[in-house]
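**Student:** what's the 3D shape of this:
(chains A and B)
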Amino acid sequence: DGGITQSPKYLFRKEGQNVTLSCEQNLNHDAMYWYRQDPGQGLRLIYYSQIVNDFQKGDIAEGYSVSREKKESFPLTVTSAQKNPTAFYLCASSWGGGTGELFFGEGSRLTVL
Amino acid sequence: AQTVTQSQPEMSVQEAETVTLSCTYDTSESNYYLFWYKQPPSRQMILVIRQEAYKQQNATENRFSVNFQKAAKSFSLKISDSQLGDTAMYFCAFMKPLMYSGGGADGLTFGKGTHLIIQP
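**Tutor:** Presented below is the predicted three-dimensional model:
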C-alpha cells in the first residue's frame, strides 16, 4: 500500500536531548513537509523540501533541522535548542509544483519530560 | 503572508442536520488553492474537498460542498445529512502555487480548526 509512514508514534525525551522523527513515503512524491500541531493552534510549517538535497525553512524552523538525502525520506531532528518541543508532529508529501493536495502520515507525539 | 481564520472553535449539531463551517483568508495572490481537511480522533489528516481559485464553480464531493466567494475571501464548508463519523476537527487551508512563491515559505497555511460534534 502506498502511503506515508512516521515513526515512532510516541516518543519521550529528556530535556537537553536531540531526537529524530522518521518520515518515509512510497508515493513517489517530490515534495515533503513537516508540520507541528499544538492544541488550539492549527498546524504550523516547520520545514519543507521540494527536491532531494534541498529544503527550506517554514514559519517555525528554529530549534529544528532536516535532511533530504533520498526522495523517499525526510527526517526531522528536534534539537535541544527547541524551547517547547512537546507537540504532535505531522509529516506530509505532495507532487511537486505546489498545485496538489498534501498526503499526511499518522503523526508522532513527542513529550519532553 | 497568507492568513486563514476559522471563527468557530466548536460546533455541535444533531445527526442528519446540515452544518456550515466558516473560513476566511487574507492574500494578495490571484491564483491559489483552498482545501478543507478533516482530522478525526485518530489524528489522521484526510482531505475533504479542494477548490482552485480560478474556478468559479463551487466544488462538491458527495455530502460535502463549498461556498467559495473570491471577492469576499470566504470559503465555507457545508456538510449535508451529517453522520456520526463526521465528528472531527476540520481545518481550512490555503496554498499558493510554488511557481508564484517567490522563495517564501510554501506548503499549506492552516486555520486553527473547528471542532465539529455530531450528536446522535
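**Student:** Would you mind listing the buried residues in the longest strand seen in chain A?
**Tutor:** Secondary structure of chain A per DSSP state E: the longest strand is strand A:42-51. By 16 or more other CB atoms under 10 Å in any protein chain shown, the buried positions in strand A:42-51 come out as A:42-50. From N, CA and C alone the C-beta is placed, and that goes for glycine too.
**Student:** which residue ranges form the strands in the chain?
**Tutor:** The chain I'm using is chain A. A:4-7, A:10-13, A:19-25, A:31-38, A:42-51, A:54-57, A:64-66, A:76-78, A:87-94, A:103-104, A:108-112.
**Student:** Correction: the question concerned chain B.
**Tutor:** Using DSSP E, strands in chain B cover B:3-5, B:10-14, B:19-21, B:24-26, B:33-39, B:46-52, B:60-61, B:64-69, B:74-79, B:88-95, B:108-110, B:114-119.
**Student:** want to throw these into JSON lines with mean pLDDT?
**Tutor:** As requested, the strands of chain B are exported to JSON lines (pLDDT from 0 to 100):
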{"stretch": "strand B:3-5", "mean pLDDT": "95"}
{"stretch": "strand B:10-14", "mean pLDDT": "97"}
{"stretch": "strand B:19-21", "mean pLDDT": "98"}
{"stretch": "strand B:24-26", "mean pLDDT": "97"}
{"stretch": "strand B:33-39", "mean pLDDT": "95"}
{"stretch": "strand B:46-52", "mean pLDDT": "94"}
{"stretch": "strand B:60-61", "mean pLDDT": "94"}
{"stretch": "strand B:64-69", "mean pLDDT": "97"}
{"stretch": "strand B:74-79", "mean pLDDT": "98"}
{"stretch": "strand B:88-95", "mean pLDDT": "95"}
{"stretch": "strand B:108-110", "mean pLDDT": "91"}
{"stretch": "strand B:114-119", "mean pLDDT": "98"}
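**Student:** What distance do you get for residue B:67 to chain A?
**Tutor:** 20 Å (CB to the nearest CB, to the nearest Å).
**Student:** Ignore what I typed, I meant residue B:4.
**Tutor:** Taking CB to the nearest CB, one finds residue B:4 at 8 Å from chain A.
**Student:** quick one, what contacts that residue?
**Tutor:** By CB atoms under 8 Å, 6 or more residues apart in numbering or on different chains, the contact list for residue B:4 reads A:42, B:23-25, B:92-94, B:109-111.
**Student:** Most neighbours of all the residues you listed, which one?
**Tutor:** The residue in the contacts of residue B:4 with the most neighbours, by other CB atoms under 10 Å in any protein chain shown, is residue B:92 (29 neighbours).
**Student:** Put together TSV for the strands of chain B, with distance to residue A:82 on each row.
**Tutor:** Converted to TSV, the strands of chain B look like this (distance: least, CB to CB, whole Å):
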stretch	distance to residue A:82
strand B:3-5	24
strand B:10-14	30
strand B:19-21	32
strand B:24-26	29
strand B:33-39	23
strand B:46-52	28
strand B:60-61	38
strand B:64-69	36
strand B:74-79	33
strand B:88-95	23
strand B:108-110	20
strand B:114-119	27
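**Student:** what's the closest of those to residue A:79?
**Tutor:** strand B:108-110 (24.1 Å; CB to CB).
**Student:** do the closest one and chain A meet?
**Tutor:** Yes: Strand B:108-110 is in contact with chain A by CB under 8 Å from any CB of the partner chain, via B:108-110.
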